[in-house]
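**Student:** Got a sequence here, can you model it:
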Amino acid sequence: MKTTSWENCLPNNVVQFLSVDEVLEIHSALIGRFGGAAGVRDMGLLESALYRPQSGYYEDLVEMAAAMFESLINNHPFTDGNKRVAFSSTDNPALEWLQDIGRLQKRVRFSHGVVCFKQL
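**Tutor:** Residues are numbered from 1 along each chain as shown. Alright, predicted model coming up:
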């Protein structure tokens, strides 16, 4: 078990974590844009995924984002769109790599601040 506190490793010792409401809005926007079944399958699993990075176990922002990304995908809190929400919620660095190899054309930022993806 790691014992190092992440608080001293982060810029300004501040991390702004997404709220449940913000992730629900991301999900709603993604379903509206790309289709799929709307709805939360298990609110407890969503809360668990969002609170995992706040446990103090992770040493930096990359580890925190990876933990939330993994939990959103593995917990399946939504009826549909779990991977889309995970990518959008963490602004995953893998997207830059995917763009470089041509799998994704670009990110599109909607007026309400939700990041979505557009394929060619």
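**Student:** okay, and the helix or strand of this structure with the least pLDDT?
**Tutor:** Least confident helix or strand, the chain: strand 106-109 with a mean of 43, by mean pLDDT, DSSP states H and E.
**Student:** distance of P53 from Q16?
**Tutor:** 11 Å (C-beta to C-beta, to the nearest Å). Bear in mind the C-beta positions are built from the backbone N, C-alpha and C, glycine included.
**Student:** Likewise for S71?
**Tutor:** S71 is 18 Å from Q16, by C-beta to C-beta.
**Student:** The two: who's more crowded?
**Tutor:** Per other C-beta atoms under 10 Å, whichever of S71 and Q16 has more neighbours is S71, with 19 against 5.
**Student:** The residue nearest to that one when sequence neighbours are not counted: how many residues sit nearby?
**Tutor:** Of all residues not flanking S71 in the chain, A49 sits nearest, at 3.5 Å (C-beta to C-beta, 6 or more residues apart in numbering). Burial of A49 is recorded as 26 neighbouring residues (other C-beta under 10 Å).
**Student:** Surely A49 and L72 touch.
**Tutor:** Yes: if you go by C-beta atoms under 8 Å, A49 and L72 touch, sitting 4.7 Å apart.
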